[in-house]
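> Model the following, please.
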Amino acid sequence: MAGQTARRSFLLAVGLSLFLVLGYGAYRWVVHDPSHAHTQSAMASRAQGSGHDTLDGGALLLSDFTLIDRNGSPRTAQSFIGRPSLWFFGYTECPDICLPVLNDMTLWLETLGTQRSLLDARFVSIDPKRDGPSQITAFLEPFSPPVEGFAITENEREKLSKAFFLHIDVLDADPMHDQNDGHNHTEPQTPYLVDHTSSVFMVTSQGRLFGTISTSETREVIMQKLRRLIDHDRAE
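Prediction:
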């Protein structure tokens with residue numbers, strides 16, 4: 001009997017320790033992860049400042065910036081108004097975040113089925129020094145359904161960052177980073193990383209914020225969000 005009591009006490013202690021560790025991890029992610037918490041709080045503040053109470057309040061995102069499409073032609077923010085869309089910001093040499101998020105985006109689009117044609121998906125590089133139209137096009141080629149890619153200049157990146165309240169921080173990279181990556185860089189590049197927002201932005205056909213998606217959310221929750229975005233635009 002004493003042995004069973006001791007065993008139960010041990011299992012209870014292990015379970016409590018695991019609960020505390022997981023709970024602290026979740027707290028760290030919400031409070032300290034700049035790629036999600038920063039975006040959520042900044043966008044919520046902006047929506048409230050505009051007289052809206054939530055992220056669905058509709059802060060205008062597609063306003064004052066210009067991107068560069070795959071042909072090297074400029075595209076103003078206003079030219080994207082007219083269809084609901086998903087926006088993700090990263091860079092082609094991203095070592096960990098961008099490829100999984102883009103892969104998830106294509107899976108979401110596939111899951112939409114016939115509604116896929118009602119939603120656009122876009123990837124914008126926030127690394128103007130290394131990513132031109134050709135690099136971005138090659139980077140996105142494996143993804144299907146297709147994601148539309150765009151480059152940006154340094155000046156326009158500042159405008160874009162303010163419009164979407166993006167977290168962008170250029171960091172020193174591992175000195176062992178290999179630049180022989182198959183990209184056609186026009187000049188030698190100093191290795192560096194870019195810490196950036198990992199949220200996917202949902203934007204209405206009017207160019208306004210509908211909400212954000214974190215890839216830590218369940219597939220069910222994400223698909224509900226996407227269908228609400230599509231239904232919202234149908235109702236307008």
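> in this structure, which ranges drop under the pLDDT threshold?
1-57, 173-189, 236 (pLDDT under 70).
> Please enumerate the strands of it.
Secondary structure of the chain by DSSP state E: the strands cover 66-68, 74-76, 85-90, 120-125, 148-150, 168-172, 192-196, 200-203, 209-213.
> Tell me which of these approaches residue 228 most closely.
Taking C-beta to C-beta, strand 209-213 is the member of the strands of the chain nearest to residue 228, at 7.8 Å. Any C-beta I mention is one placed from the backbone N, CA and C, and that applies to glycine too.
> Tally up the residues packed near the residue lying closest to residue 110 once chain neighbours are set aside, please.
Once flanking residues are discounted, residue 110 sits nearest to residue 145: 6.5 Å by C-beta to C-beta, 6 or more residues apart in numbering. Burial measure for residue 145: 15 neighbouring residues, criterion other C-beta atoms under 10 Å.
> Quick check: phi and psi on residue 145?
Listed backbone geometry of residue 145 is phi -60, psi 150, with angles given as degrees, to the nearest 10.
> Kindly provide the distance from it to residue 108.
Using C-beta to C-beta, to the nearest Å, one obtains 9 Å as the distance from residue 145 to residue 108.
> likewise residue 134?
For residue 134, the distance to residue 108 under the criterion C-beta to C-beta works out to 27 Å.
> got it, and residue 69?
As for residue 69, its distance to residue 108 is 23 Å (criterion: C-beta to C-beta).
> Neighbour count for those two, which is higher?
Set side by side, residue 69 and residue 108 show more neighbours around residue 108, with 22 against 16, by other C-beta under 10 Å.
> What segments of the protein are helices?
2-32, 37-49, 98-111, 133-140, 154-164, 219-235 (DSSP state H).
> Now the shortest one: buried residues?
Yep, that's helix 133-140 we're talking about. 133, 135-136, 139-140 (16 or more other C-beta atoms under 10 Å).
> helices and strands around that helix, which ones?
strand 120-125, strand 148-150 (3 or more C-beta pairs under 8 Å, 6 or more residues apart in numbering; DSSP states H and E).
> relative to strand 85-90, how tilted is it?
The directions of helix 133-140 and strand 85-90 differ by 110 degrees, with axes from the mean of the first three to the mean of the last three C-alpha atoms, to 10 degrees as the criterion.
> quick one, helix 133-140 and helix 98-111 angle?
Going by the same axes, to 10 degrees, helix 133-140 makes 60 degrees with helix 98-111.
> Identify the residues contacting helix 133-140?
Residues from elsewhere that reach helix 133-140, judged by C-beta atoms under 8 Å, 6 or more residues apart in numbering: 68-72, 92, 102, 123, 125, 131, 146-147, 149-151, 183-184.
> 10 Å - rerun?
Residues external to helix 133-140 that are found in contact with it (C-beta atoms under 10 Å, 6 or more residues apart in numbering): 68-73, 90-94, 98-99, 102, 106, 121, 123-125, 127, 131, 146-152, 181-185.
> what would the helices and strands packed on helix 133-140 look like in CSV with distance to residue 214 and mean neighbour count?
Compiled in CSV, the helices and strands packed on helix 133-140 are given as follows (distance: least, C-beta to C-beta, whole Å; neighbours: other C-beta atoms under 10 Å):
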stretch, distance to residue 214, mean neighbour count
strand 120-125, 17, 22
strand 148-150, 22, 21
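> Could you point out which of those strands sits nearest residue 223?
Proximity of the helices and strands packed on helix 133-140 to residue 223 was assessed by C-beta to C-beta; the nearest stretch is strand 120-125, lying at 14.4 Å.
> counting contacts, what elements does the closest one pack onto?
Using 3 or more C-beta pairs under 10 Å, 6 or more residues apart in numbering; DSSP states H and E as the contact definition, the elements that strand 120-125 packs against are strand 66-68, strand 85-90, helix 98-111, helix 133-140, strand 148-150, helix 154-164, strand 200-203.
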